[in-house]
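1. Could you look at this predicted model? Sequence included:
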Amino acid sequence: MTDHEKYVLSEIIRITGDSKSKAFWTKALKELGANAVAEDLGELKAQTHRERKKNPAAYLTTLLKERINFKSPTKKERLKKLNSFFPNTQADLFKNLIPVIISKDEKGITSNMEIPYSGKNIPYPTFLGPEFFTLSTNKKKSDKVKATFRFKDEPQIEVEMLRGKTEPGSKLVYGIPTIQHWRVFCAIQIAWAQKNSGLVKYGEDKKLCSVTVSTKEIAKILGRKNWQHLSKKDVIWISDKIAGLHSMPYYILLEKFGKSDKKGIKFYLIGDVGSANMKAKRGEETIHYITFSSVVSWQLLNRHAVIRAKEMIHIKSELACKIWLYLEPNLRANGIANIGLLNLIKVLNLPTTGWHKYKSQRKREFEKAIKEINGQRLADGQKMVITIEKGLSDWLLAAHLEGYSIKLPGERQPGN
């Protein structure tokens with residue numbers, strides 16, 4: 001056994017307290033590889049962090065048997081789904097952000113991904129950063145922000161992005177997706193992965209990710225305790241968020257950037273949406289037929305995505321969610337992150353409010369937000385340790401990773 005495998009084995013025995021199953025743990029390591037086993041160990045750790053497992057060994061055994069029974073041609077392809085990818089160059093990114101046009105005459109063939117994502121985590125498109133979603137307190141229907149993009153072969157860049165408008169100068173505004181829209185967007189992605197990652201093929205070059213999911217399923221993924229007996233208000237809330245994702249555009253301005261022959265690119269997160277109210281044993285059941293936009297579909301199908309923990313969407317504080325979205329790529333890249341709170345407000349594009357002006361209030365608001373995410377684990381098992389420290393001119397948010405880490409094969413730079 002390699003040192004990595006020995007370490008994972010020792011961690012399994014330490015956490016489960018089950019040395020009698022050493023033969024099975026060793027077999028799993030041999031068949032699946034240390035990275036895959038460690039991912040499920042991270043899942044066990046995360047679940048144990050949220051609620052005490054009566055039999056952690058049995059829980060881990062179930063996870064590992066699912067992997068062993070999962071048919072994929074090679075170990076390399078099994079591990080591929082853990083990777084997060086970035087475009088090589090800026091030209092590659094902008095090319096892949098251009099929506100694919102599918103005419104009404106083209107007929108799609110429904111199928112599934114050959115090697116689907118795991119439904120235990122969020123397959124999150126790498127290009128989406130915290131600046132794509134605002135807080136629910138933001139009263140603006142549109143604005144202009146800086147979007148940060150990362151690449152394998154070039155330095156990261158900032159590009160101006162309109163949220164909520166189809167074109168610069170347009171008088172019509174459609175609203176900005178909030179963290180609540182983001183939660184539903186993540187839940188739809190999880191549902192898509194859990195249903196073996198469905199897609200619709202319109203020829204080899206045109207493929208869209210598609211899922212049929214009920215409102216109750218979305219509510220369950222979101223962690224709603226009443227998901228089996230949703231009120232009419234809850235059903236409408238989820239339907240409204242799906243409709244918002246479908247109707248709220250983004251527009252990236254490239255003219256000033258000067259590295260593209262295009263002046264700008266407009267895209268959405270959700271493409272076609274349809275819903276039907278079906279008769280159920282208890283009242284009605286709302287079923288949604290959702291297709292991701294061609295831009296998001298391309299990212300997911302080509303695995304330009306980062307695996308994120310489902311626990312993210314259960315965080316109550318919207319500010320804490322945005323901090324997590326900011327911290328994770330920086331922590332994965334460098335292991336540590338430090339930023340002044342006033343600068344963090346600008347980076348997160350937070351809507352203007354009174355507490356931004358005063359150091360003591362900034363400290364108090366960010367301390368409340370990080371309480372929920374301090375100690376939370378990433379999908380690879382690493383724990384975020386976050387504090388507020390005194391800086392020269394402002395309070396600093398300081399964070400680092402500790403605990404177990406999985407080095408994803410072929411991953412040169414971590415994801416958003």
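-> Yep, it's here.
2. how about the one residue sitting closest to the centre of the chain, secondary structure?
-> Nearest to the mean C-alpha position of the chain, counting by Cα atoms, centre = their mean, stands Tyr124 at 3.5 Å. At Tyr124 the chain is in strand, as set by DSSP: H, G, I helix; E, B strand; the rest coil.
3. Is it bridged to anything, and to what?
-> Val306 (DSSP bridges).
4. Report pLDDT for it.
-> pLDDT recorded at Tyr124 is 93.
5. Let me see the ranges of the helices in the stretch 251-400 of the chain.
-> Remark: helices assigned in the stretch 251-400 of the chain by DSSP state H, counting those that start in this stretch are 294-301, 318-334, 341-347, 359-373.
6. Show me what the shortest one is packed against.
-> Right, helix 341-347. helix 318-334, helix 359-373, strand 395-402 (3 or more Cβ pairs under 8 Å, 6 or more residues apart in numbering; DSSP states H and E). (Glycine included, C-beta is placed from N, CA and C.)
7. Buried residues, that helix. List them.
-> For helix 341-347, the neighbour count (16 or more other Cβ atoms under 10 Å) marks 341, 344-345, 347 as buried.
8. Between the helices of the stretch 251-400 of the chain, which one is closest to Leu9.
-> helix 318-334 (25.0 Å; Cβ to Cβ).
9. quick one: average pLDDT of that closest one?
-> Mean per-residue pLDDT for helix 318-334: 90.
10. Flag every buried residue along it.
-> Of all the residues in helix 318-334, those buried under the rule 16+ other Cβ under 10 Å are 318-332.
11. what's the burial count for the nearest residue to Val273 once chain neighbours are set aside?
-> Spatial nearest neighbour of Val273, excluding adjacent residues (Cβ to Cβ, 6 or more residues apart in numbering): His246 at 4.7 Å. The tally of other residues near His246 (other Cβ atoms under 10 Å) stands at 16.
12. ok, now Leu269?
-> With other Cβ under 10 Å as criterion, Leu269 counts 23.
13. Kindly report the same for Ala309.
-> Ala309, neighbours per other Cβ under 10 Å, totals 21.
14. Also Lys263?
-> Counted with other Cβ under 10 Å, residues neighbouring Lys263 total 12.
15. Look up how far Lys27 lies from it.
-> Lys263 sits 57 Å away from Lys27, taking Cβ to Cβ, to the nearest Å as the criterion.
16. ok, now Ser214?
-> Separation of Ser214 from Lys27 (Cβ to Cβ) stands at 38 Å.
17. Between the two, which has more neighbouring residues?
-> Neighbour totals were compared for Ser214 and Lys27, and Ser214 leads with 18 against 13 (other Cβ under 10 Å).
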